[in-house]
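>>> quick one, fold the following:
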Amino acid sequence: MKLKTINSPDDILEIISEIGFLPFFANDIQGFSIEENIAPKYWFSGETDGAWEWKGQLAGSGKCMYGKLFRNKAGFVSREWIPDFANYRRDGYDFEGFYEDGHARYKDKDVYDEIEKHGVILSKELKRRLNYRKDGNKGFDTVITRLQMQTFLCIADFEYMRDRYGREYGWGVAKYSTPEKMFGADFVLSAYDRDPKESEIRIIEHLKKTLTNASERQILRFIR
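Residues are numbered from 1 along each chain as shown. Presented below is the predicted three-dimensional model:
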């Protein structure tokens, strides 16, 4: 499969809209990632913005969801496919029911509740509030990744350090939110009238049509 060469955030959004799903990094499905299709000067460059800067712009656009969504690695889901993807990944649960039925851990609940309370919160502030530090709680990255994979959390944007001239530098610090806050609860839950298995089948059949070089086994591995 050959995607268009990516030269702008609009190119990324066009691919997301067409396929519905787009991982940031190379994976089992050859050619299906931003990494493999972006013009080299926009991958890592100290001279111009590129994929690493565009991800925050896209995450906050309202046109797609961004986070560690595919095998614990970053990627995008189009707005169109968020409801089915959430229904499938959450197995038809809201977070409270998910936790009460024993599918989430107490640390997951603490993190989820804190983010839900604030709406959007910077990861370093979240760590401070929940005592994730050298002599405190451990495993923050595991918890925050698990909640994204379950689609209970997503990344809303990134915040960068600035030099004395006001220029951004370094790796962006993630701001976390919930899909319900970002896109509206009614919209996110709009596929909950379907059995989660039906949502899974809808996603698989769609990707079979768009990822023509991928086997069903690769597609299943990707979405799970």
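>>> what's next to the helix or strand of the chain with the lowest mean pLDDT, contact-wise?
Using mean pLDDT, DSSP states H and E, the weakest-scoring helix or strand in the chain turns out to be strand 168-177, at a mean of 84. Taking contacts as CB atoms under 8 Å, 6 or more residues apart in numbering, the residues outside strand 168-177 that touch it are 52-53, 56, 115, 119-124, 126, 144, 153-163. (C-beta placed from N, C-alpha, C; glycine too.)
>>> in helices, which of these fall?
Under the assignment DSSP state H, the contacts of strand 168-177 contribute 52-53, 56, 115, 123-124, 126, 144 to helices.
>>> state the distance from the residue most central in space within the chain to residue 31.
The residue at the geometric middle of the chain, judged as the C-alpha nearest the mean C-alpha position with CA atoms, centre = their mean, is residue 67 (2.0 Å). Remark: distance between residue 67 and residue 31 (CB to CB, to the nearest Å) = 22 Å.
>>> filter the contacts of strand 168-177 to the buried ones?
With neighbours counted by 16 or more other CB atoms under 10 Å, the contacts of strand 168-177 contain buried members at 53, 56, 115, 121-123, 126, 144, 153-158.
>>> for the longest helix seen in the chain, buried residues please.
Using DSSP H to assign secondary structure, the helix with the most residues in the chain is helix 196-210. Judged by neighbour count using 16+ other CB under 10 Å, the buried positions of helix 196-210 are 196, 199-200, 202-203, 206-207.
>>> which elements pack onto that helix?
Using 3 or more CB pairs under 8 Å, 6 or more residues apart in numbering; DSSP states H and E, the elements in contact with helix 196-210 are helix 9-19, helix 82-90, helix 216-223.
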